[in-house]
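Asks: let's see this in three dimensions:
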Amino acid sequence: MYRSDVLCFVLILIAFPFSLMAGETCTGVDNLSYSTTDKIHVNGHAMHIKGVNWYGFETPTYSLDGLYERPLGAILDLVSSHGFNLLRIPITADLVINMDTRMPANINYNQNPSLQGMTSMQVMDALFDAAAARGITILVDMHMFDPSQAGTTPPLWYSTSCTWDPSVEGDNVANGRCVDVFPVCINNMDGECVMYTEQVVLDAWVTFIQRYANRWNFFGVDLMNEPHEPAIWGSGGITSSYPTDWASAAERLSNSIMTRVPAFKGLFIVQGISNYRINPWCENTTLLHQVEQHWWGGNFEQVRCRPLALADNSRLVYSPHQYGPSIYMQANFQQPNFPANMPDVWNIHFGSVVQLTGKAMLIGEWGGPLDGAKGEVWLNAFADYLIAKDLRDNIFWALNPNRNSDTPGILLDWYNIDAPKMPLIARVQPNPTAFTVSGSTVCFTTDTQTSTTGTNSYSSSSSLSSSSSSSSSSSSSTSSQSSSSVTTADDGVTGTTAGPSTMASTTSASTPTSADSMASSSLASSTATSSSMGALPLTTSSTTLEEASSANSLMVAVSSVMFSVLLLCV
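Replies: Residues are numbered from 1 along each chain as shown. Here you go, the predicted model:
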């Protein structure tokens, strides 16, 4: 036996138990794809998503927020070190249409020397590369059409305006109800008035997707951020010469992209609408509209009458956005039995979609402050609900610190994590899929997802006690925020380092609006009945879950290296 044969034999003996322990699968980067049934899959294996939103590209800075203070690689290291495996990145159609001329602002090139001279889309390239190296996937979200719209959210998938009737109650408190829509142009950053028609937006999507279709970590596209009035789902609503049916539009956009970019292997994420009025399309069902308030993008009630049908439905994901009283004090949050009333509300709004359609769900945005008050109670009640319904795949809003907003992020600043939020997120997703890349090989964990009871049970009392316990715990830890500080300034792209003393004293120009989400303004009170679902024991330590996630990532990293070395023996 030759020495090389002996070495390979020893490597096989070492690698085999590691593979068993990690429960991982390896494949070529060109062979990785995403699909769905009632869960999200990567190459046929369940993919457990622990995501976070990172905004900035959609603003007038045309750049990721935070690069004025830290290297791209260092921020991504902070993200991956806490087990996050997906970034949702908001963009605009304008960024793509003008990809060769839009230049990023607010980047500290002492901290990010490799980004010097790049266009904004080249910075996006760098993000995809640096994220892939750390096992982080990317979901891109059409947040708005143009950065000049920063601070607002377009209601439809093309640029429109409304004719308002203030005498009729609608989503907009000041203006009343939108009774007609008409296309409008939007003044872009160059002073040009651009008509963002459905075709223009579709072409922007196709251009973007063609650029990244062959990236293994291109998880999918979130077709439109938070559709709301006058958007409808199916039929009904206002009488207009221009389309308002978001369900049909989502199908057209998805199918066109599949036809025009067959190399794209990612998923199509579709949000709901907001319209709180009874939609005639679905009013004759047995479902009573007990709760009339919805968040923008959070209303999936009409799916029971009008499920989506893409050309390839194995790539469809429904994605609601949900927030608590820190954004808007809905009537649901003012009920005497809050938060015990909320499971019934969520069941009506979106919680039954997976059972009704057999298609996966990804919570695209949720968040809020750990304020020791109703906002924190809501966060814990929502976390309990997601666990009970096995809707664990989620994307928290947001990475960005933004401490003065109603949805402060998971970072205290660009160096320190908001430690009390980590157990909350880890409780919802204790076992995120870990990806590692070595050369042209990508490996990912295939561990069995931690489950609750298998019966989608939920206990209102469990929610209350869990909320109060978490509130007390976070209150006691706020005075001594034991945040994990990361001091490295490696830019993560070229290996160049820059010390903290070279940081520019710039500030972010990115200013999100109330998590880019608004509540419907109906004053109708909830008549939701008290929850009749069973109790759910929540006994797992959140700290242990996060430690297990880190250990799991380490294990798959070791296995990935072993797998790559073994290829030399074949």
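Asks: going by C-alpha atoms from here, please, whenever you check contacts or count neighbours.
Replies: Noted.
Asks: residue 435 against residue 136, yeah?
Replies: Yes. Contact criterion Cα atoms under 8 Å: residue 435 and residue 136 qualify, at 7.1 Å.
Asks: those two - which one has more neighbours?
Replies: Between residue 435 and residue 136, residue 136 has the larger neighbour count (other Cα atoms under 10 Å), namely 27 against 24.
Asks: grab the nearest non-local neighbour of the more buried one.
Replies: residue 85 (4.5 Å; Cα to Cα, 6 or more residues apart in numbering).
Asks: residues contacting that neighbour?
Replies: Each residue near residue 85 by Cα atoms under 8 Å, 6 or more residues apart in numbering is listed here: 49-51, 135-137, 432-435.
Asks: what two of those residues are the furthest from one another?
Replies: The most widely separated members of the contacts of residue 85 are 51 and 435, with 13.4 Å between them, by Cα to Cα.
Asks: list the buried residues in the helix or strand where residue 87 lies.
Replies: Residue 87 is part of strand 86-92, with elements assigned from DSSP states H and E. For strand 86-92, a neighbour-count test (16 or more other Cα atoms under 10 Å) marks 86-92 as buried.
Asks: can you put the residues you listed in JSON lines and add pLDDT?
Replies: Output for the buried residues of strand 86-92, formatted as JSON lines (pLDDT from 0 to 100):
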{"residue": "86", "pLDDT": "99"}
{"residue": "87", "pLDDT": "99"}
{"residue": "88", "pLDDT": "99"}
{"residue": "89", "pLDDT": "98"}
{"residue": "90", "pLDDT": "98"}
{"residue": "91", "pLDDT": "98"}
{"residue": "92", "pLDDT": "98"}
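Asks: can you put those in TSV and add distance to residue 157?
Replies: As requested, the buried residues of strand 86-92 are exported to TSV (distance: Cα to Cα, whole Å):
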residue	distance to residue 157
86	24
87	22
88	19
89	18
90	15
91	14
92	12
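Asks: quick one: low-confidence parts of the stretch 151-300 of the chain?
Replies: Across the stretch 151-300 of the chain, the ranges flagged by pLDDT under 70 are 169-175, 236-238, 276-292.
Asks: quick one, strands of it?
Replies: Using DSSP state E, counting those that start in this stretch, the strands of the stretch 151-300 of the chain run over 160-165, 177-183, 185-187, 193-195, 218-222, 267-270.
Asks: contacts for the fourth one next, please.
Replies: Read that as strand 193-195. By Cα under 8 Å, 6+ apart, strand 193-195 touches 159, 183-188.
Asks: quick check: buried residues in it?
Replies: Those buried within strand 193-195 under the rule 16+ other Cα under 10 Å are 194-195.
Asks: quick one: strands adjacent to it?
Replies: strand 185-187 (antiparallel) (DSSP bridges).
Asks: residues near the residue lying closest to residue 193 once chain neighbours are set aside, how many?
Replies: Nearest non-adjacent residue to residue 193, counting by Cα to Cα, 6+ apart: residue 187, 4.1 Å away. By other Cα under 10 Å, the residues close to residue 187 number 15.
Asks: quick one, helices of the stretch 151-300 of the chain?
Replies: 198-212, 246-260 (DSSP state H, counting those that start in this stretch).
Asks: and of those helices, who's closest to residue 166?
Replies: Nearest of these (Cα to Cα): helix 246-260, 24.0 Å.
Asks: and for that closest one, what's in contact with it?
Replies: 156-157, 202, 205-206, 223, 227, 231-234, 264, 268, 270, 273, 308-312.
Asks: how near is residue 59 to residue 240?
Replies: Distance of residue 59 to residue 240, computed by Cα to Cα, to the nearest Å: 31 Å.
Asks: ignore the last one, residue 80
Replies: With Cα to Cα as the criterion, residue 80 and residue 240 are 47 Å apart.
Asks: residue 331 now?
Replies: 31 Å.
Asks: which of the two has more neighbours?
Replies: Neighbours per residue (other Cα under 10 Å) separate residue 331 from residue 240, with residue 331 holding more: 17 against 12.
Asks: quick one, phi/psi of that one?
Replies: Per-residue torsions, residue 331: phi -60, psi -30 (degrees, to the nearest 10).
Asks: then the one 10 residues further on?
Replies: Here the main-chain torsion angles of residue 341 (degrees, to the nearest 10) amount to phi -80, psi -20.
Asks: JSON lines for the strands of the stretch 151-300 of the chain, including distance to residue 383?
Replies: Compiled in JSON lines, the strands of the stretch 151-300 of the chain are given as follows (distance: least, Cα to Cα, whole Å):
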{"stretch": "strand 160-165", "distance to residue 383": "36"}
{"stretch": "strand 177-183", "distance to residue 383": "33"}
{"stretch": "strand 185-187", "distance to residue 383": "39"}
{"stretch": "strand 193-195", "distance to residue 383": "41"}
{"stretch": "strand 218-222", "distance to residue 383": "23"}
{"stretch": "strand 267-270", "distance to residue 383": "21"}
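Asks: so of the ones you listed, which one's packed in deepest?
Replies: strand 267-270 (a mean of 26; mean count of other Cα atoms under 10 Å).
Asks: check which helices and strands it sits against.
Replies: Packing partners of strand 267-270 (3 or more Cα pairs under 8 Å, 6 or more residues apart in numbering; DSSP states H and E): strand 218-222, strand 316-318.
Asks: for residue 561, give me the pLDDT.
Replies: You'll see residue 561 listed with a pLDDT of 50.
Asks: scratch that, residue 97
Replies: Looking at residue 97, the pLDDT reads 98.
Asks: repeat for the one 3 residues further on
Replies: Listed pLDDT for residue 100 reads 96.
Asks: who's in contact with residue 63?
Replies: With Cα under 8 Å, 6+ apart, residue 63 has these contacts: 56-57, 104-107, 120, 123.
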